[in-house]
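> Structure for the following, please:
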Amino acid sequence: MRALLCHCHHHLEAEDDEALCVVVREHLLWRHPALKPSEEQAQQIVSSRAYDLHYAEVHAEEEVAFEPY
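Okay, the predicted model is just below:
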């Protein structure tokens, strides 16, 4: 899973960089229409800001303990 945080603090994620480019471009067109992003701009954003996202499996029967600061 790949993800990035838009400058508007909206979290975007997709299966891979190619799919993330589509998500980024759709987000920019919908939320930031004045930018009028091209496919190349979306690819540049993904290549410079995307990161790997790993979800940890959580089991309901396990007890979660938080450590105090």
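
> which residues in this protein form strands?
2-5, 11-14, 51-52 (DSSP state E).

> The first one pairs with which strands, parallel or anti?
Read it as strand 2-5. Using DSSP bridges, the strands paired with strand 2-5 in its sheet are strand 11-14 (antiparallel), strand 51-52 (antiparallel).

> Any buried residues in it, and which?
Using 16 or more other C-beta atoms under 10 Å as the test for burial, strand 2-5 gives 2, 4. Every C-beta, even on glycine, is put in place using the N, C-alpha and C of the backbone.

> Just the CA atoms of that strand, as PDB, please.
Written as PDB, here are the backbone C-alpha positions of strand 2-5 (Å, rounded to 0.1, in the frame of the first residue of the first chain):
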ATOM      1  CA  ARG A   2       1.300   3.500  -0.900                       C
ATOM      2  CA  ALA A   3       0.100   6.700   0.700                       C
ATOM      3  CA  LEU A   4       0.800  10.400   0.900                       C
ATOM      4  CA  LEU A   5      -0.500  13.400   2.700                       C
END
